[in-house]
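> let's see this in three dimensions:
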Amino acid sequence: MGRLLPLVALFVAGLSHAAEIAIDIGHTRAKPGALSASGVWEFDFNRTFVRALELQLASVGVGSHVINDSGKVGSLSGRTTLARKDRFFVSIHHDSVKQRYRPVKDPRFKGYSLWVSERNADYEGSVRCARLIADELLKARFQPSHYHSDAVYGENRPVVDWDRGIFSNNQLAVLAAARGPAILVEVGVIANPAEETVLSDPAMTEARARTIATGLQHCLAG
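Predicted structure coming up:
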């Protein structure tokens, strides 16, 4: 029995871990998400970006907690349970298009988008933080994508803030299950070969991550 006590203490210590930002790596190795124009899975893009975002958050003094680095956390509610003591939840993804528009030639299929859910416990806080992040992205001259709000090219998603590229999707379970404010970030459209080239550039990844980290810093300061 005595040999079990250190293990129990270690387990409890792990549960008490809390950070300011929980960063979720979207998708899993078994279900890796969208396929890029060159054949790279979204999960790999997501993990690379999250690692860059973690470093940039640390550089501005914001603690973070990465969820699903192994690519084996399939349960969306399980991810938010792991983040239940963190102040803010952000899920990182990379975007695609409907299959009939591939290979991508239309220039409208590019740019970032930010997603919130009205089912989230702090919807207003989520929108406020999304706007702060979007302001930093726009200041750095990153452009939002809008095609998801189109009935033909996208899924006719409700627009929260057109100029900032913020949309609502109440079917995003990971946002609905979060205990506090939460957003999902589509960093860019990897189905677009021109944008995939940019998104694969380490310098551009660092620049985008730095911009989002600054937005998250402002969010926490609020």
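> check contacts around the closest residue to Lys31 other than its chain neighbours.
Nearest in space to Lys31, with sequence neighbours left out and distances taken as Cβ to Cβ, 6 or more residues apart in numbering, is Gly74 at 7.3 Å. Every residue, glycine included, has its C-beta placed from N, CA and C. Neighbouring residues of Gly74 by Cβ atoms under 8 Å, 6 or more residues apart in numbering: Thr28, Ala30, Lys31.
> report pLDDT for Gly74.
pLDDT recorded at Gly74 is 94.
> correct me if wrong, but it is in a strand.
No. Using DSSP: H, G, I helix; E, B strand; the rest coil, the assignment for Gly74 is coil, not a strand.
> that one and Gln171: what is the separation?
Distance, Gly74 to Gln171, using Cβ to Cβ, to the nearest Å: 17 Å.
> kindly report the same for Ala52.
Relative to Gln171, and taking Cβ to Cβ, Ala52 is found at 28 Å.
> could you look up the SS state of the residue most central in space within the chain?
The centroid of the chain falls nearest to Ile92 when counting by Cα atoms, centre = their mean (2.2 Å). State at Ile92, reduced to three classes by three-state DSSP: strand.
> distance of it from Asp106?
Counting by Cβ to Cβ - Ile92 and Asp106 are separated by 25 Å.
> same question for Val116.
26 Å.
> what's the answer for Ala34, then?
On the measure of Cβ to Cβ, Ala34 and Asp106 end up 17 Å apart.
> what do you get for Gly33?
For Gly33, the distance to Asp106 - Cβ to Cβ - is 21 Å.
> also Cys219?
33 Å.
> ok, those two, which is more surrounded?
Cys219 (24 against 11; other Cβ atoms under 10 Å).
> next, that one: secondary structure please.
helix.
> where does the closest residue in space to Pro144 that isn't next to it in sequence fall, phi/psi-wise?
Distances taken as Cβ to Cβ, 6+ apart place Gly165 nearest to Pro144, at 2.3 Å, with adjacent residues excluded. Main-chain torsions, Gly165, degrees, to the nearest 10: phi 70, psi 40.
> hang on, the earlier thing: check contacts around the residue nearest to the centre of the chain.
Under the criterion of Cβ under 8 Å, 6+ apart, the neighbours of Ile92 are Ile23, Asp24, Ile25, Gly26, Asn46, Phe49, Val50, Leu53, Val185, Val187.
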